[in-house]
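predicted structure and sequence below. I'll ask about it afterward.
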Amino acid sequence: MATIPTITTIQSTGSAPRRYWPEGLPRELALPEATLFDNLRATAEANPGKPLVIFNEQVLSYGEALVRIEALAAWLQQRCGVQRGDRVLLFSQNCPAYVVAYYAVLRADAVVVPVNAMCTADELGYQALDASARVALVGREMAERALVCANIAHVLLHDAHSLRAEASPGTTGWREVMAAGLRPAPHAAGPDDLCVLPYTSGTTGKPKGCRHTHRSMQAALHGSRRWRSLGSDMVALSVAPMFHLLGMQNGMNLPILCGGTLVMLPRWDAAAAAQLIQRHRVTYWAAAPAMVVDFFAQPGLEGLDLGSLQLLVSGGAAVPDAVSRMLLQRYGLVLNESYGMTETAAFLHCNPVGREKPCCLGVPTFGVDSRVIDPVSRQELPAFEVGELVTSGRQLMQGYWQRPEADAEAFVELDGKRYLRTGDLCHVDEDGYFFMRDRLKRMISVSGYKVWPAEVENQLYAHPAVHEACVIGTPDARSGEAVKALLVLKPGVPFEATEFIAWAREHMAVYKAPRFVEVVRNLPKSGTGKILWRELQTEENTKGDCS
């Protein structure tokens, strides 16, 4: 079982107070001069028979994976002309082949461009063109979308289950790759080489690639491992999509750094996840908040043995108070919430293990300096005052891919140091813990009063009938905007809208409580399980006045 670090009071090196820090841990970590591929190779050489991936009851060991990685890296170099720093698309659902492909690109000294498995052919083509990628490693079920991309010269197919896909017109199958017997050139990339180019969601325009080096990715990984006292006995449930940094870092790169084992699902399935936790004695699970809510709402969970689960990690959005309380009361699980972005290689802030605060982004971790500033004046704000979170640390991206104008907007210099503007509205409490209030541009103005939807949503989850909630603003002639709640209800629980509104007004200020309620069958979500509130807000804005 992972050791829970104790907490001691210390003085922060940043300008925001930070009183709590795991005892015995340094304020900044010394990182090895190593690449992500070096992490996998170390375990493969020391313990080749150790299971790396368990998928559909099939086991891929570290040693077997290394053989396949070397073969694919050689093919990329010798048959596809991939050179150091070239970008290679990875377009696949979670499967053992994803891990092999990802690390083969790194072994070839190239850069992984992870693509959302739900992307259309046009979206895939845009990323390929923007990244100047000529080679794509593709799951067989996605081949059709890849083959229509005119700028892709080489498409290598794999089968999710066997790594043995045969070729089809315009492609190379991995059976041919593995049988070729090629050997790659020596691994030449270093810590400051680019290794991953993940694209942002593009909510304010076309998606932008985030330039991450081995060093920035390693800073997040080593920080997470030390902060949470993770070791080689780690068995991770890998179900968050690996094209996204939550799944890529927590579900793949972090267990590999620890020398642990990945228990993998190709896509989210709450019932299957519960069975895997019990069968394979999963110890660690990093999940989007929507997954946590869905998982613990499924019937029959009480009859399963989930006692092996030592650490449940969540990030991307705050988990509602009601859910956190249920986890503690029913399962004895304390949710370890953290905070990060694609631009920060995921791990940036985290709650100290054993000293968590609910609905909290935690404290800045090793070497991270975060501040809350006024978005206009850029002056740092005192405790409890809401402003924009800006941050500096080694896990920050180098910048956006070929977007100097975006870099100029994304970064700000304070006291001679470069900070990333996160666009997240936060406040800091007296202990130095950061709390999300909302996105900078996601705010409802009710008769001049500011309402942060995330705060209202957190309260609504405490209602016994609410399974999922999204709060948006709706035009209103009297108040400018009014608060509207879109709800997915739990089956079999009585619900009446007027009673719900009355309940909400009892639990929050009247101007924050929803004036309008709409029950829906489901809420639209991204590939990583985040509710697409912008999509819902845009749709609402086109309807006009609700009064």
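All right, it came through fine.

going forward, measure contacts and count neighbours with C-alpha atoms only.
Will do.

contact partners of stretch 280-291?
234-240, 246-247, 250-251, 263, 268, 270, 276-277, 306, 308-319, 528-530 (CA atoms under 8 Å, 6 or more residues apart in numbering).

so what secondary structure elements neighbour whatever helix or strand residue 450 lives in?
Element membership for residue 450, per DSSP states H and E: strand 449-451. On a contact count with 3 or more CA pairs under 8 Å, 6 or more residues apart in numbering; DSSP states H and E, strand 449-451 meets strand 444-446.

please enumerate residues in contact with the strand it packs on?
450, 451, 452, 453, 472, 473, 479, 480, 481, 482, 483, 511.

cool, and stretch 254-261?
With CA under 8 Å, 6+ apart as the contact definition, stretch 254-261 has outside contacts at 39-40, 43, 50-54, 221-222, 224-225, 230-236, 262.

at 6 Å what do you get?
Applying CA atoms under 6 Å, 6 or more residues apart in numbering, the set of residues contacting stretch 254-261 from outside is 39, 40, 43, 51, 52, 53, 221, 231, 232, 233, 234, 235.

OK, contacts around the first one?
Under the criterion of CA under 6 Å, 6+ apart, the contact partners of residue 39 comprise residue 257.

ok so it is a strand residue?
No - assigned with DSSP: H, G, I helix; E, B strand; the rest coil, residue 39 falls outside any strand and is helix.

can you pull out the helices in the stretch 251-400 of the chain?
Assigned helices in the stretch 251-400 of the chain, in chain order: 254-258, 270-280, 289-297, 321-326 (criterion: DSSP state H, counting those that start in this stretch).

of those helices, flag the one that's most buried.
helix 254-258 (a mean of 25; mean count of other CA atoms under 10 Å).

re earlier: filter the contacts of strand 444-446 to the buried ones?
Among the contacts of strand 444-446, those classed as buried by 16 or more other CA atoms under 10 Å are 451, 452, 453, 472, 473, 481, 482, 483, 511.

quick check: the gap between the nearest residue in space to the first one that is not next to it in sequence and residue 502.
Spatially, and ignoring its direct neighbours in sequence, residue 451 is nearest to residue 444 (5.0 Å; CA to CA, 6 or more residues apart in numbering). As for residue 444, its distance to residue 502 is 20 Å (criterion: CA to CA, to the nearest Å).

looking at those two, which is more packed in?
The neighbour comparison of residue 444 against residue 502 (other CA atoms under 10 Å) goes to residue 444, with 22 against 14.

quick revisit: from residue 481, how far off is the residue nearest to residue 451?
According to CA to CA, residue 444 and residue 481 sit 7 Å apart.

who touches both of the two?
Residues touching both residue 444 and residue 481 (CA under 6 Å, 6+ apart) are residue 473.

can you give me the helices in the stretch 51-200 of the chain?
For the stretch 51-200 of the chain, the helices defined by DSSP H, counting those that start in this stretch occupy 62-78, 96-107, 121-131, 143-147, 174-179.

most tightly surrounded among these?
Comparing these by mean count of other CA under 10 Å gives helix 96-107 as most buried, with a mean of 26.

I'd like the average pLDDT over it.
Here helix 96-107 scores 97 as its mean pLDDT.

can you name every helix or strand that it contacts?
On a contact count with 3 or more CA pairs under 6 Å, 6 or more residues apart in numbering; DSSP states H and E, helix 96-107 meets helix 62-78.

mind checking how far the helix it packs on is from the chain centre?
Computed by CA atoms, centre = their mean, to the nearest Å, the chain-centroid distance of helix 62-78 equals 27 Å.

what's that helix packed up against?
Applying 3+ CA pairs under 6 Å, 6+ apart, we find helix 62-78 packed against helix 96-107.

how far off helix 62-78 does the helix it packs on point, in degrees?
On the basis of axes from the mean of the first three to the mean of the last three CA atoms, to 10 degrees, helix 96-107 is oriented at 60 degrees to helix 62-78.

let me know the pLDDT of the residue of the chain positioned farthest from its centre.
In the chain, the residue that sits farthest from the middle, by CA atoms, centre = their mean, is residue 478; the gap is 39.8 Å. Residue 478 carries a pLDDT value of 76.

cool, the one 4 residues further on as well?
As predicted, residue 482 sits at a pLDDT of 93.

that one should be in a strand, yeah?
Yes - membership of residue 482 in a strand is supported by three-state DSSP.

quick revisit: what subset of the contacts of stretch 254-261 is buried?
Buried positions within those, assessed by neighbour count (16+ other CA under 10 Å), are 39, 40, 43, 51, 52, 53, 221, 231, 234, 235.

and these as CSV, adding pLDDT?
Converted to CSV, the buried ones among the contacts of stretch 254-261 look like this (pLDDT from 0 to 100):
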residue, pLDDT
39, 98
40, 98
43, 98
51, 98
52, 98
53, 98
221, 98
231, 97
234, 98
235, 98
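
ok, the residues you listed vs residue 28, which is closest?
Nearest to residue 28 among the buried ones among the contacts of stretch 254-261: residue 221, at 13.4 Å, using CA to CA.

list the contacts of residue 219.
Residues in contact with residue 219 (CA under 6 Å, 6+ apart) are residue 395.

now do 7 Å
Going by CA atoms under 7 Å, 6 or more residues apart in numbering, residue 219 touches 31, 394, 395.

what pLDDT is listed against it?
On the pLDDT scale, residue 219 is placed at 98.

low pLDDT regions in the stretch 1-150 of the chain?
Flagging of the stretch 1-150 of the chain using pLDDT under 70 yields the residue ranges 1-18.

again, only using 50
Applying pLDDT under 50 to the stretch 1-150 of the chain picks out residues 1-17.

hmm, back to that, mind putting the contacts of strand 444-446 into JSON lines with distance to residue 289?
Below are the contacts of strand 444-446 laid out as JSON lines (distance: CA to CA, whole Å):
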{"residue": "450", "distance to residue 289": "25"}
{"residue": "451", "distance to residue 289": "22"}
{"residue": "452", "distance to residue 289": "18"}
{"residue": "453", "distance to residue 289": "16"}
{"residue": "472", "distance to residue 289": "19"}
{"residue": "473", "distance to residue 289": "22"}
{"residue": "479", "distance to residue 289": "32"}
{"residue": "480", "distance to residue 289": "31"}
{"residue": "481", "distance to residue 289": "28"}
{"residue": "482", "distance to residue 289": "26"}
{"residue": "483", "distance to residue 289": "23"}
{"residue": "511", "distance to residue 289": "26"}
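
right, I'll call it a day here.
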